[in-house]
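# this is the structure alone, sequence omitted:
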């Protein structure tokens with residue numbers, strides 16, 4: 001007998017049976033038919049995969065509402081598909097009177113201009129931030145336009161910029177961590193909710209000794225769940241691979257923390273590149289944005305490495321510069337940096353190479 005079922009006829013409560021899963025209680029299953037669904041997903045927001053165009057797709061959208069008293073959620077791939085997954089992936093994706101944004105922007109642009117040519121081409125992108133040794137105090141006394149007002153760069157302004165670049169320090173001027181950054185609600189929420197447990201804590205009056213104590217308390221209370229374990233032997237023995245990139249202009253999760261972790265793993269794994277590879281994305285902000293190119297093929301590169309043995313040496317990127325010109329580049333494996341060859345079109349990737 002011919003099967004006359006249609007997607008629409010199957011998309012109903014009567015056709016759906018709630019799975020009997022130990023430790024869970026299904027409250028409700030609500031199916032709804034969606035037809036001619038069309039959407040565009042920008043590559044900026046589809047991290048690691050690039051842009052996606054979806055046109056005229058019909059599907060049954062099923063929402064399940066359940067509780068799991070006393071149990072953790074589990075991924076039940078085998079129950080649904082009849083076999084375990086062949087491959088598993090995780091695509092992931094950290095006072096007083098505040099300075100005006102234009103003040104910090106002025107210093108940032110001066111630093112970028114001073115270090116821009118280190119990669120052989122002046123394009124507004126600093127490819128090797130570790131070599132950028134710009135001294136912000138050289139700007140003290142200079143004037144510039146800030147929101148229609150002519151102001152002078154003060155020593156205090158430069159001190160704030162220098163402090164954010166160099167990272168947090170203890171009262172004894174010991175570096176507390178390799179991270180640098182700017183005020184961010186994720187951090188202030190972490191301190192007020194998880195460490196101090198005081199939602200009314202005032203960060204504008206936080207003194208250095210109190211900050212030092214908060215930093216130590218955070219380590220004491222949560223070191224058992226942090227991501228600093230450098231022993232990845234179990235992952236590597238199972239054939240696991242790690243491919244990641246970090247944007248050099250990321251103001252939320254500082255670059256140096258990732259590089260420090262990688263160097264620590266590499267110190268105990270001589271053949272680290274057989275299992276773990278990272279790349280720097282020059283000129284890119286947190287995940288996307290900035291002047292550089294966001295990598296959009298990292299997940300495909302990881303699959304090719306895991307499933308076909310195709311080892312990723314670079315990741316292609318492209319970006320449109322301030323003149324509206326499309327540029328093609330590539331990211332280099334850490335610790336190598338991308339550099340202009342000295343000849344050829346600076347907008348084409350064939351004019352660049354990776355250097356140690």
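That came in fine, so what should we check first? Please read these numbers as outputs of a predicted model, since none were measured by experiment. Numbering: from 1, shown residues only.
# from here on, just use CA atoms for contacts and neighbour counts.
Will do.
# run a quick neighbour tally on residue 254.
22 (other C-alpha atoms under 10 Å).
# same question for residue 34.
Residue 34 has 14 nearby residues by other C-alpha under 10 Å.
# and it, which of the three is it?
Secondary structure state of residue 34, per DSSP: H, G, I helix; E, B strand; the rest coil, is strand.
# where's it relative to residue 337, distance?
Note on residue 34: its distance to residue 337, by C-alpha to C-alpha, to the nearest Å, is 47 Å.
# right, and the helix or strand after the worst-scoring helix or strand of the chain on mean pLDDT?
Taking mean pLDDT, DSSP states H and E as the measure, the chain has helix 77-81 as its least confident helix or strand, at a mean of 68. With elements assigned by DSSP states H and E, the helix or strand that comes after helix 77-81 is helix 101-115.
# which elements pack onto the very next helix or strand once past that next one?
Next helix or strand after helix 101-115 toward the C-terminus (DSSP H and E): strand 143-146. Based on contacts counted as 3 or more C-alpha pairs under 8 Å, 6 or more residues apart in numbering; DSSP states H and E, the elements that strand 143-146 packs against are strand 149-152.
# just checking, what packs against whichever helix or strand comes after the strand it packs on?
Using DSSP H and E, the helix or strand that follows strand 149-152 in sequence is helix 155-166. When contacts are defined as 3+ C-alpha pairs under 8 Å, 6+ apart, helix 155-166 packs onto helix 101-115.
# next, the angle from the helix it packs on to helix 155-166.
Counting by axes from the mean of the first three to the mean of the last three C-alpha atoms, to 10 degrees, helix 101-115 lies at 60 degrees to helix 155-166.
# which pLDDT value goes with residue 94?
Residue 94 is assigned 42 on the pLDDT scale.
# how about low-confidence regions in the protein?
Scanning the chain for pLDDT under 70 picks out 1-5, 70-76, 79-80, 92-100, 166-184.
# can you give the domain ranges for it?
7-81, 233-355 (automatic domain parsing).
# element containing the residue sitting nearest the centre point of the chain?
Central residue of the chain (C-alpha atoms, centre = their mean): residue 287, 4.6 Å from the mean position. When elements are assigned from DSSP H and E, residue 287 belongs to no helix and no strand.
# which one is it nearest to, not counting chain neighbours?
Distances taken as C-alpha to C-alpha, 6 or more residues apart in numbering put residue 247 closest to residue 287, at 6.7 Å, once the chain neighbours are dropped.
# now the strands for this structure?
25-41, 52-67, 143-146, 149-152, 242-247, 276-281, 314-320, 326-332, 337-340, 352-355 (DSSP state E).
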